[in-house]
Structure formats: C-alpha cells, structure tokens
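Colleague: After the sequence you'll find the predicted model.
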2 protein chains.
Amino acid sequence: MTIKIKQFVLLKRPVGVPVESNFSLKTETISGDLKENELHLRGIYYSVDPYMRGRMNGAKSYVAPFALNEPISGAVIARVVESKKSGLITGDFVFGQLPWATEMVVDSSSVRKIDVQIGKASDYLGVLGMTGLTAYFGLLKIGQPISGETVVVSGAAGAVGTIVGQIAKMKGCKVIGIVGSGEKEKLLKDRFHFDGMINYKSKDDLVHLIKNACPNGVDVYFDNVGGEISDAVIQNMNFQGRIVLCGQISLYNSKEIPMGPRIQPILLTKSILMQGFIVSNFTEQFPEGLAELSKWVKEGKIEAIETIIEGFENLPKAFIDLFSGKNVGKMMVMAKDIAL
Amino acid sequence: MTIKIKQFVLLKRPVGVPVESNFSLKTETISGDLKENELHLRGIYYSVDPYMRGRMNGAKSYVAPFALNEPISGAVIARVVESKKSGLITGDFVFGQLPWATEMVVDSSSVRKIDVQIGKASDYLGVLGMTGLTAYFGLLKIGQPISGETVVVSGAAGAVGTIVGQIAKMKGCKVIGIVGSGEKEKLLKDRFHFDGMINYKSKDDLVHLIKNACPNGVDVYFDNVGGEISDAVIQNMNFQGRIVLCGQISLYNSKEIPMGPRIQPILLTKSILMQGFIVSNFTEQFPEGLAELSKWVKEGKIEAIETIIEGFENLPKAFIDLFSGKNVGKMMVMAKDIAL
C-alpha cells in the first residue's frame, strides 16, 4: 500500500481571530502494509468546533494544545478502506478523534463503529455525537429545567443551541433564543418553535429585550457565548436560577484577559448556580444520553440541522467562519470524493 | 407598664462605606399592658453582619431594604422581662430578628427560646446560630470537601470563616486562610491549626502566594470577600473545583458596578461549580445542622470566637468596623445593663 494524502497542520498559533495562513496543507505519502488491528480510513465528515480554538493556543490546559507543524485533529466520521480488525470491514462508518487528513492509518482502538441505521452518518458529529450529548447533559443534569420555567439559550441557532432549545421545549419550558441575525430568528421560530428570539445585534438595550421576552425572569441560562450577552442575561436571572457554562465563543479570540462587571454579587444575592462543564465529565452516562437522543431523533422530536461545507480544503475556512456565526446548527466539512 | 427605650433608626442611606451619621439614636416611650402572646424583652446581644449593608440600600432585593427613619433590625439575643405567653417566663433567653432597641414588645411568634445549657447565649448568634449554619451548609452541601483536598477560605478570621476552617480541618482537608493582618494569621495558626495563612495586604503577588500555599491547587474556595482576592484564588482552582459564594464584603460599599476579569472562561475550562446561597435555602435541614454543630461544640471540636463590643450605643460603630476587618470571629454588641 502506498497512498498520497493531504493534511492540515497548524503553521502558526493564531493571535485573535484565526486566519487561513495559520494553517498549511501538506502532502504526504504513507506506505507499508497494515499491521494487526490497524485500519486504513478515508475521512468523510470533519467536525469544526469552537473549543478547538483553545487548543491552538500554546498554553497548557486540560486538553493539550495542538503542536505546531503537526496535523490538527478533531471529531471525524470516516469509512474503512481496508481493515485488519475483526468486526470492521471495508465500507463501515467509524467515528473518532482523528487528524484533519484525507486518509489515515490508525489503530482500531481509536475509533468506534457507528450504526447508520439509527441516524445518518453526519448525525454522529451532531445530535448523536458530542454535540447532542453536550446539550443533553448540560441542560438536563446541570440546568435541571422544570416544566413552566423560562430557559434562555445563547448561540441558539448553533450546533448545541438548536438541540438545547428542542429538549427544553420537550420538557415544557418557555424557550428564548439569542442569535445574531433575523434569518436565524426566523429559523428558531418556524422550524424549532422557540417562544421568543432576541437579536443581540439589535440597537435596543439587551437587558430590556431579555426582560420583555422573559416577563417571569430567567430560570435557566444555557450559555454558549459569554461576554456582554451573558452580562445582560444574568441581570434577568431569577432566585435559584442555574447558569450552564457550555461555551464562551465571544471571548475565545480575545488578545487580552476580557474584563466585565463582576457577577458574584448577583450570583450571591440570588442564590444562583453557575457550572462549567465538558461533556466528558458525563462519560459514564453516555449510554443513557445516546439512548434518549436516538429515541427522540427516531420519533421526530428532535430535528438536527447542519451546515455542511463541501471540500476537504475548506476546513480552515469553515473553522474560522464559526466565529462570525456563518453556520446554523452543526458545522462540518464533507470530503468531495466520498466513494471508496 | 411605661418604659423608655432607645433605638437606632436608619437616617440616611450610606453611599460607599457607612458612617455613624447614617444612623440616629432615638428615644421612645412604650406604654400599655402586654396582650395575650406578647413579650416584653430586653436586648442582650446584638449581631452585626455584613449582609445588613445591602439592606441599607434603597434597591429591592430578596431581603427588603430597611426603611428610612425606622429601626434597623437584625439577629438579637434578648431576655424576657415579662411574658404573656405560656412556656416563656421572666429571665428566659430568646433569639429573633428584632429591632436595634434597648427593649421591645413583640409577639412571641417572632422569637424562639434558646437553651443556655447547650451553649452560652452569645453562641446563638455565632456557632449555634445563622453563622454556624451558614458555614455548615455552605461548606458541606455546596463545597462538598473530600478528605485530602485543599480548602481556601477568605475572610478566614471572621465569624463564618473561623467555623468553616474548623469544619474543613475536621473533614481531613488542608485548610488555607486568607486574612488582612499578621495578628489574624497568628490566630488561625495557633488557635485553629490552619495549614497555611495568606495576608492579602502583603506586597507579594497574591496569585503566587496562593500557589505556594496550595501546591496541589485549590479544590474548594469558600468566598466571604470577593474582588481581587477571589480573582487570585480562582486562578489556582483545580479541575472540578467548587466555589462557595457566601459573602462579597469587599464589594458591598462599591459606588459603581465593580469590574474585574471575566471568570466564566476559567469556570468553563476547569468544569468549576460556583454557587451563591443564603442560609435560609437550607431551612428544612436546620435541625440536622444544629444537631451536628451542638455536638461539635460540646465535644470541643469547634471553638467559637467572638468580638464583643460593650454598650448598645456602639452598634453603628461595630457595624461599620466590620468593613475594615476590626473583628475576629463573630462581632456583636452587648448591652451594658443586662440585669433584669
């Protein structure tokens, strides 16, 4: 076996908003026979996620930073070209944390097979993958919404936000979504039946817009964006409200430590809970979450929405576009040539 | 019955740090006979608490603001002078939210009898009162410290802080206290056997001082003060750490909305929980908490420490002194004439 592959490496660490020149497309040749338990895979769908921005910084964190001149890696759906692992055959779909490469040879332990009978392959990057699980555990285990309560979601038209909103509706909550365009407002209303939408780019005072949309106050705030949007929501929180910290996309590209009003006095006087999380905190409960999500998808109670960009070479651009809100739902890149 | 009493009313709402001229001492005459279920009480110990500063502002909150020209009220230990309530006789000690008045006539439903066999009367403002319960529930139900973990307490020599530290030590934790004087550091070390003390007024970098005192990072931060001290602790928090928001005394006198570094990115990447609370959230569990605290006091496992100022007329000054850290342990004012 001798194959030519293309892969994206991190060339320079971004300062502020990432630009395409931070990445470099390299060609490489892989040769030799597969060893026992190895797989030759071809990438099909590549996930781009805001959290990956953090890994592009050099600072140590709880996820290791990407190394310079090494391939970026992320959630990828791939197909098996050749297998030396029993139980996996050519044509099977697998999921894994894999490099941004057109093809790859990996140990089979780094992927798991996905069942394209339950959902389509791309769902495993979205509603049936980390995205769906993030929405599920963040909202239900941390936010703990009760029927009749008001749930506000920021980044509401995004991958996690659209699922959070649908689950909260299912639980009998009033759901208000914060987004950055009229088009997204319309999507939330028409397709997902949100009870209210707020465009944070509106010239009106955000604190007032939220107050008007949530006359009974905010019980659960599912936060994907942070910054001034969150400041305005927090001012409208109810006593014993819950704030689920899922993302802070508005701050990921800050060049300096972002400043803002101190929130502890509000959290204190209103007995508010704020909890940061990553989905892997709930690993032991993944089977429960996936079973529920799969059921809801099958029953048509949750509809997944995707922004799929065609062409492997568009990966950096798709990633960068996350930060200007160009996506609705789950953003991913699909390889052009997906035949085996 | 005709009695002359003295009482403190709120004359002007403080702007910034309260001053004595915000308060006014008034003389009043109460006359007439006690009605059924009424009590004539004489104040013995008057609690001064940082949270009362919030009630001196005009803004609506979850505790109603004090009215201008009306008596301040707070936690008071009083003795029964005359009783029209069965089960309460002259000389009994009672606890209640009562006016800052030398004597008062109240309905018996507004007080409860205290047992001076278990602890001394003043303990019911401290370790066996709201102070002890605040430490107990905040640390154990929110902070949930595990043996071997590192617990940092700010305002560590204060009413709540001294009890939090002692309970955390009892639970097998390494306990570090943040205070504002060398004298307080000595107290924490010699009397309460804290594992480390930090003087936040030191010229050294606070982030580094905390790092040195907590080489394994901070698992639980019990926060009584807020502001820059908290910023420094939060930078040293561990993954899945817990921040108990009990007080923010450094911010209570702010004239403008206090600004600081946004904390959500840290809470997010480290999966940290931050929870504000007031002790009344745990009302149903008060019997459990009081039973435990009483047992620990009896067994000598918890020692209460008090700063008792003599003379009713010193109430405003004692309250104001809270904000410059003049107290160690529970600060209260004792009436000069406590004979019946």
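Modeller: Great, that's in hand.
Colleague: and A:Val76, that's in a strand?
Modeller: Yes. Counting by DSSP: H, G, I helix; E, B strand; the rest coil, one finds A:Val76 located in a strand.
Colleague: in the stretch 1-150 of chain A, which spans are strands?
Modeller: With strands called from DSSP state E, counting those that start in this stretch, the stretch 1-150 of chain A shows them at A:2-10, A:23-31, A:38-47, A:73-83, A:93-99, A:103-107, A:111-113, A:150-154.
Colleague: Quick one: closest of these to chain B.
Modeller: Closest approach to chain B among the strands of the stretch 1-150 of chain A (Cβ to the nearest Cβ): strand A:150-154, 11.5 Å. Backbone N, C-alpha and C define where each C-beta goes, glycine included.
Colleague: Okay, now the sheet partners of that closest one, with direction.
Modeller: Next to strand A:150-154 in the sheet, as set by DSSP bridges, lie strand A:174-179 (parallel), strand A:218-223 (parallel).
Colleague: who's in contact with the first one?
Modeller: What that stands for is strand A:174-179. Contact with strand A:174-179 is made by A:148-157, A:161, A:165, A:168-169, A:185, A:188, A:194-200, A:210, A:213-214, A:216, A:218, A:225, A:229, A:233, A:325, as judged by Cβ atoms under 8 Å, 6 or more residues apart in numbering or on different chains.
Colleague: ditto for the last one
Modeller: With contact meaning Cβ under 8 Å, 6+ apart, strand A:218-223 is reached by A:138-139, A:143-146, A:149-154, A:161, A:164, A:168, A:173, A:176, A:210, A:230, A:233-234, A:236-238, A:241-248, B:264.
Colleague: Please verify my assumption that A:Glu70 contacts A:Phe8.
Modeller: No. At 10.2 Å, A:Glu70 does not count as touching A:Phe8 under the criterion of Cβ atoms under 8 Å.
Colleague: about what we covered before: just the buried residues from the contacts of strand A:174-179, in ChimeraX please.
Modeller: Listed next is the ChimeraX selection for buried residues among the contacts of strand A:174-179, using 16 or more other Cβ atoms under 10 Å in any protein chain shown:
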select /A:149,150,151,152,153,154,155,156,157,161,165,168,169,185,188,194,195,196,197,198,199,200,210,213,214,218,225,229,233,325
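Colleague: Point out the ones among the contacts of strand A:174-179 that are inside helices.
Modeller: Those of the contacts of strand A:174-179 mapping onto helices are A:Gly161, A:Gly165, A:Ala168, A:Lys169, A:Glu185, A:Leu188, A:Ile210, A:Ala213, A:Ile229, A:Val233, per DSSP state H.
Colleague: Would you check that the fourth one makes contact with A:Arg191?
Modeller: No. If you go by Cβ under 8 Å, A:Lys169 and A:Arg191 don't touch, sitting 11.8 Å apart.
Colleague: Present the strands of the stretch 1-150 of chain A as CSV; the columns should include mean pLDDT.
Modeller: Below are the strands of the stretch 1-150 of chain A laid out as CSV (pLDDT from 0 to 100):
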stretch, mean pLDDT
strand A:2-10, 95
strand A:23-31, 95
strand A:38-47, 97
strand A:73-83, 97
strand A:93-99, 97
strand A:103-107, 96
strand A:111-113, 96
strand A:150-154, 98
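Colleague: deepest of the ones you listed, which one?
Modeller: strand A:150-154 (a mean of 30; mean count of other Cβ atoms under 10 Å in any protein chain shown).
Colleague: Figure out how far that one is from the centre of its chain.
Modeller: 17 Å (Cα atoms, centre = their mean, to the nearest Å).
Colleague: contacts for that strand?
Modeller: Strand A:150-154 is touched from outside by A:139, A:143, A:145, A:161, A:164-165, A:168, A:173-178, A:200, A:210, A:214, A:216-225, A:229-230, A:233, A:236, A:238, with contacts defined as Cβ under 8 Å, 6+ apart.
Colleague: Swap in 6 Å and give it another go.
Modeller: A:145, A:161, A:164-165, A:168, A:173-178, A:214, A:216, A:218-225, A:229, A:233 (Cβ atoms under 6 Å, 6 or more residues apart in numbering or on different chains).
Colleague: just stretch A:8-21 next, same as before
Modeller: Under the contact criterion Cβ under 6 Å, 6+ apart, stretch A:8-21 has outside partners A:22-26, A:56, A:58, A:66, A:68-72, A:100, A:253, A:255, A:315-316, A:320, A:323.
Colleague: Buried ones from these, can you make that a ChimeraX selection?
Modeller: Only the buried members of the contacts of stretch A:8-21 end up in this ChimeraX selection, burial being decided by 16+ other Cβ under 10 Å:
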select /A:22,23,56,66,71,72,100,315,316,320,323
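Colleague: which bits of the stretch 101-250 of chain A sit near chain B?
Modeller: A:Gly226, A:Phe239, A:Leu245, A:Gln248 (Cβ under 6 Å from any Cβ of the partner chain).
Colleague: let's see 7 Å
Modeller: Residues of the stretch 101-250 of chain A that fall close to chain B, judged by Cβ under 7 Å from any Cβ of the partner chain: A:Gly226, A:Ser230, A:Phe239, A:Leu245, A:Gln248.
Colleague: before we move on, the earlier item: just flag the most distant two among the ones in helices among the contacts of strand A:174-179.
Modeller: Spanning the widest gap among the ones in helices among the contacts of strand A:174-179 are A:Lys169 and A:Ile229, at 21.1 Å by Cβ to Cβ.
Colleague: ok, back up a step: dump the strands paired with strand A:150-154 to a markdown table, plus mean pLDDT.
Modeller: What follows is the strands paired with strand A:150-154, written out as a markdown table (pLDDT from 0 to 100):
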| stretch | mean pLDDT |
| --- | --- |
| strand A:174-179 | 98 |
| strand A:218-223 | 98 |
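Colleague: And the ones you listed: which comes nearest A:Ile114?
Modeller: Closest of the strands paired with strand A:150-154 to A:Ile114 is strand A:218-223, at 26.6 Å (criterion: Cβ to Cβ).
Colleague: now that closest one: how far from the chain's centre is it?
Modeller: Here strand A:218-223 is found 18 Å from its chain centre; the criterion is Cα atoms, centre = their mean.
Colleague: quick one: A:Leu187 from A:Gly119, how far?
Modeller: 21 Å (Cβ to Cβ, to the nearest Å).
Colleague: Can you pull the phi/psi pair for the closest residue to chain B within the stretch 101-250 of chain A?
Modeller: Nearest to chain B in the stretch 101-250 of chain A, going by Cβ to the nearest Cβ, is A:Leu245, at a distance of 4.6 Å. Backbone torsions of A:Leu245, given as degrees, to the nearest 10, read phi -90, psi 100.
Colleague: Test my guess that it contacts A:Leu273.
Modeller: No. At 10.5 Å, A:Leu245 does not count as touching A:Leu273 under the criterion of Cβ atoms under 7 Å.
Colleague: Compare neighbour counts for those two and give me the winner.
Modeller: Just comparing A:Leu245 and A:Leu273: by other Cβ atoms under 10 Å in any protein chain shown the higher neighbour count belongs to A:Leu245, 28 against 21.
Colleague: re the thing from before, for chain B, tell me which of the contacts of stretch A:8-21 show up nearby.
Modeller: When Cβ under 7 Å from any Cβ is applied, no member of the contacts of stretch A:8-21 is adjacent to chain B.
Colleague: Can you list which of the contacts of stretch A:8-21 are found in helices?
Modeller: Checked against DSSP H, the contacts of stretch A:8-21 include these in helices: A:Leu315, A:Pro316, A:Ile320.
Colleague: was I right about the second one contacting A:Leu25?
Modeller: No. Look at A:Pro316 against A:Leu25 with Cβ under 7 Å: they stay out of range, at 8.6 Å.
Colleague: now the strands paired with strand A:150-154 in CSV, with distance to B:Arg79?
Modeller: Shown next, in CSV, are these (distance: least, Cβ to Cβ, whole Å):
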stretch, distance to B:Arg79
strand A:174-179, 52
strand A:218-223, 45
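Colleague: picking up where we left off before, the residues of the stretch 101-250 of chain A next to chain B, buried ones only, as a PyMOL selection?
Modeller: Listed next is the PyMOL selection for buried residues among those, using 16+ other Cβ under 10 Å:
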select buried, chain A and resi 226+230+245+248
